[in-house]
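Participant: Provided below for reference: sequence and predicted model.
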Amino acid sequence: MAPPALAQKDKKLFADLLSQYENRQLSKGRKTADQILKKYPEHGETMCMKGLILVHLGQRDEGINLVKEGMRKDLSSHICWHVWALIQKSEHKYEDALKSYIQALKFDKDNFNILRDTAVLQTQTRQFEGLVETRHNLLRLRPYNRHHWVGLAVAYQLNGNLAEAKQVLEYIEGFLRNVGSYDVEFSELLMYHVRILEDMGDFKSAVDMLESHDRAKGGSVLDRMAGTEMKARLLAKLKESNADDEQKTAWTERADAAWRWLLSQNADGYEYYKGFLTNQGIDLDNVTDENREKALEMLRGYFNVQFATAPRRLALHVAAGQEFTDLIKPYLTNALTKGIPSLFADLKPLYKDSAKRQIIEDTVEEFRANFETSSPSTGVSVEPTIYLWALYLLAQHHSYLGRHKQALEILDIAIAHTPTLPELYMTRARALKRAGDPYGAARAMNEARLLDGQDRFINTKTGKYLLRAGMVNEADTIFSKFTRGGTSAAADLEEMQAMHYLVEQGDSYRRAGKLNLALKKYYVIQKVFESFREDQYEFHQYSVRKTILNVYTEMLKWEDNVRSHPGFIHAAVATVQIWIALYDDATLGPSLQPVETTTPDVSSKKAINKAKKAARKGQPEADGANSKKATATQSEDKGLEPPRLKDDDPEGLKLVLVEDPLERADKYLTGLSELVPQNLDICFAIYDVAIRRKKYLQAVRMLMRAHSLDSEHPDLHWRIVHLRNTVSSLPESIPAPVGPVLAESIASLLPEEVSFELFNSQYLQKHSSSPMAIVAHAKVAQILKAPQDEIDSILFTVLKKPAQLDHEAAFAVLSYLKEMKSARAEDFRIACNDRFELSTLFKSDEEIAALQRSFTETGESPADGEALETVT
C-alpha cells in the first residue's frame, strides 16, 4: 500500500517540521508532527520524525517504537531510513547504521547529508571501496569545496590506490596556487603528498617536492623540523635504491647535511644520532669492531654541546673495553654529583652486555669505597649526597640482578645516612617485591608516601603495591585521595580509564578467589578499548576538514591494532581462564554467591519498601518551582545517545552463573589470533577454549602456531599430549575431510610412533633444570592418569638440583598442588617458606592475614600523611 500523499499546505508543514528538528525546536516539532498525524495518521515519514523527536526528549522506547512503525508504513522513504540510521548510529551499531544509510541513498542518491554521514561510517567500519564511491559523489555535488577533494585523496589512499591519490593531490595543488604565505592546511597537504610519494616508492619526487617547498627558501612547508626529518629519511631510502656511486655520494652528503641541521636544533634527539650514523653506514644497534672508532669519533663531535647528554650516553653504547671504562667514570661522576634519580634507568640497557655490567658495578663500588673513606681529616672531602646517590645506584643494580639481600643491606645503610629520601623506600619496595614479599613491599612504598603525601606518583605506586598484596580497601583509600569527590575511587578510576588500576585490581580479586569481581574488572577493560574504537568516529570528518592527514592516517592504523595492547591481552587471557574454570567446575559459580544468614522480617520489608516509595516520589508537590523546573527539563534535548544503564550486577554474581561460559570466552578472543599472531598466551587461550568446544582443527592450528614460536615451551608440551590423548579417546573417529587433516597436523607435533611416556621423559631430560618443565612433565602424568603420589613426587623434584627454582616458579608449583588438592601441598609450602627467607608468598593463611592486619595496626595506615588536593 502506497503511503498517503500530503497536500501542498501539509508539505509546507512537514518542511517546517524538518526545520524545527534541525534547529532543535523539539516541542514545536512535536506539536507540528501531531498536527500532521491528526490528518494523516498513516504518514510514515512524520511518524519517524516524531519518534526521533521523542528520543531527543528522553522518551526513547516510545520514540523507537514509533520510528519502527513509521518505517513499516513507508519503506521507500529516504527520510525513514535516515532517521533509523541516526538511532542505530547513536547506539554505536555502525555496521547496521551504514546499511540503513545505503538503503536511504537508493531513494535519494544525491542527498548531501546522507552521503556525508555514509562516508564517515564507511571509514569507521573500514569499507574503503565503498568510501571511494561515496567521496566521488560528494565531490560531484560540491566540486568547488577543497575538503571534498582532500577526502577523495584520503579515500584512495586508504583503499590502496596511491596513484589515484597522487593524481587528486596534484590537481588540488594546481588550483590552490595563490595560497597565503602561512597556510597551515596547505602545508599539511603538501606533507601528506610527500608521504604518498614515499609510500609509492617515488623517493626522488618526494625529495624534490620537499626542497621546492622548503620554508627556508620561501616555500609553503611550515614545519621545517618535520620536513627535514622526512627529507633525511627519504635520502637514506634513495641510497638503498639502485643508483650509481656518484649519485649515492651526493645523496649521502645531502642526508648528512640534513641530519647535522636537525642535531643543531636538538642535540639530545636519539633518533637523529641514529639516522646520522646510519647515513655513514653505521648501524647503532649492531656496531662492529671495524666501525666502532668512526662512530665514537662522530659522537665526540657533539660532546661539547651545552646540556646535551645524548652523545655521551650513546658513546657508552658504542664503546667497549677500556674505552668504555674511560667514558663511564666521568658519566657516572657527573650524574651522581647532580643527584639524578633516573640514572639506573638510563644505564639499564647497557646491562645486556655482561662485561659492561661488571665495569659499572666495579666503578660504582670504587666510588663507594672512596666516598666512605673521604673526610676533611684525610684532606679529601666529598658531598654527602654523592655518597647517598652512589648507594642508591648500587642498591638498584643488585636488586635488578636478583641479589635482593645485598640490595636491602645497602638500602639500610642509605636510609640510616638520609632517612628522609622517598626514593630509597621506593627502591626498597621494589627489591622486596622482586624477592617475593608483596606485604613488605607495600609497607616500604607506604613509608615513601608518608614522606611526601603530595606526590601523586608515589601515591599511585602505593595503591598498586597494596593491590598486589591483596589489600583492596586500603588501596582504594589511597586512590580516593586524588579522585573526584562524591563517588567511590573505583567508579572514578573506571571513568578515567586508568588501565594500571583496572588490571591490578582484577588480578588482586582473582588471586583472592573472587572470580566474580575479577571478571567485572576485566570486562571494564574491554569496554575501555571499545570506547577507543568509538572515539575515533568524531575525527573522520574533522581531520579531513582541517587537513590533519598524516596524523589521521597513523591514528587509523593505531586504532586497527589497539587491542594488541598488553593490558587488553592480559585481561583477555585472564578472562578466558576464569570462564574455563567456571566451565570445568559447575559448582564454582554457585560457591561465589553470598550466603544469606538472616531473613528480614515482614515489618522491615515494609519499612524498606516505604522508604523506596518516598525516594521515588521526591518533593515536587511541596515545591511549585521545582515542579515547573522538572517540567521544563522534560522538554530539553537529551540527545540521541541512550542513557547509561544502571548495572544490575555490580559484583558479577549473575555473571558467574551464565550457562554459556565457553561461548563468552570465544567471543572475547575473536580476532586476537590474527591481531597478535606472535603471542603464545593467546595461542594457548584459544586452544583451551577450542578443545572444550570440540573445535579440534582450530585447537591444533593454535598449537602449531605456538610450536613455530617456541617449540620447547612447557605449556605447549603438555597441551600437545592433551590434544592427541583427547582425539584418540573419542568414541568415533572424525570423518574426512577433517579427520585426516587433523591426524596429519597432530603427527607433525607428536609423531604417531612416539609414545606419550617417551615424549614426556625426553622433554624432562632436555630441560631438567627448568622448574616449569618439571610442572609440564607432571601435568602430562596427570593427563595419563598417573597416581597422585607419583605426580607429587615429580613436583617435589623442583626442590632438588639441578632445578633452578625461584620463588615465582615455586609459587606456581604450590598453586598446582593446591589445584589438585594434594595432601602434600602443605609440606611443599613449608619447604619453600624455609628456602626463600625474604619471601612471604609461602606463609600460612593465618600469617598472611596477620601481615595485612599489621599494616594498619602499627600506625602506618594509608590514610595517614598529608592529604592530596581533591579533584572536583
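Facilitator: That came through fine.

Participant: and Arg428, what is it in contact with?
Facilitator: Taking Cβ atoms under 8 Å, 6 or more residues apart in numbering as the contact definition, Arg428 lies against 395, 408, 411, 415, 444. The way it works is simple: take the backbone N, C-alpha and C, and place the C-beta from them, glycine included.

Participant: Quick check: next helix or strand after the strand or helix carrying Ala685?
Facilitator: Using DSSP states H and E, the element containing Ala685 is helix 680-692. Elements were assigned by DSSP H and E; along the chain past helix 680-692, the next helix or strand is helix 696-709.

Participant: That following helix vs helix 680-692, what angle?
Facilitator: For helix 696-709 and helix 680-692, the angle between their directions (axes from the mean of the first three to the mean of the last three Cα atoms, to 10 degrees) works out to 160 degrees.

Participant: what's next to helix 696-709, contact-wise?
Facilitator: Counting by Cβ under 8 Å, 6+ apart, helix 696-709 makes contact with 673, 677-678, 680, 683-684, 686-687, 690-691, 713, 716, 719-720, 723, 726-727, 734, 738, 741-742, 745-746, 748-749, all of which sit outside it.

Participant: Now, of those residues, which are buried?
Facilitator: Among the contacts of helix 696-709, the ones that count as buried by 16 or more other Cβ atoms under 10 Å are 673, 680, 683-684, 686-687, 690-691, 713, 716, 719-720, 723, 727, 734, 742, 745-746, 749.

Participant: quick one on the thing from earlier: so which of the contacts of helix 696-709 belong to helices?
Facilitator: The helices, defined by DSSP state H, take in 673, 680, 683-684, 686-687, 690-691, 716, 719-720, 723, 726-727, 738, 741-742, 745-746, 748-749 from the contacts of helix 696-709.

Participant: got a list of what Glu211 touches?
Facilitator: Neighbours of Glu211 in contact, by Cβ under 8 Å, 6+ apart: 217, 231.

Participant: Quickly find the element holding it.
Facilitator: Using DSSP H and E, Glu211 falls in helix 203-212.

Participant: Counting neighbours, what do you get for Leu758?
Facilitator: Burial of Leu758, expressed as a neighbour count using other Cβ atoms under 10 Å, amounts to 10.

Participant: correction: Ser354
Facilitator: Counted by other Cβ under 10 Å, the residues lying close to Ser354 total 8.

Participant: Please report how far it lies from Leu235.
Facilitator: Noted for Ser354: a distance of 38 Å to Leu235, by Cβ to Cβ, to the nearest Å.

Participant: hang on, the earlier thing: return the closest of the contacts of Arg428 with respect to Val194.
Facilitator: Sorting the contacts of Arg428 by distance to Val194 puts Ala395 at the head of the list, at 49.8 Å, by Cβ to Cβ.

Participant: Show me what the one helix or strand that closest one maps to is in contact with.
Facilitator: With elements delineated by DSSP H and E, Ala395 resides in helix 384-400, which encompasses its position. By Cβ under 8 Å, 6+ apart, the residues outside helix 384-400 that reach it are 332, 335-337, 339-341, 343-344, 348, 351, 360-361, 364-365, 367-368, 371-372, 404, 406-408, 410-411, 413-414, 417-418, 421, 423-424, 427-428, 430-431, 434.

Participant: Drop the exposed ones from these and show what's left.
Facilitator: For those, burial is judged from neighbour counts taken by 16+ other Cβ under 10 Å, and it is met by 332, 335-336, 341, 343-344, 351, 360-361, 364, 367-368, 371, 404, 406-408, 410-411, 413-414, 418, 421, 423-424, 427-428, 430-431, 434.
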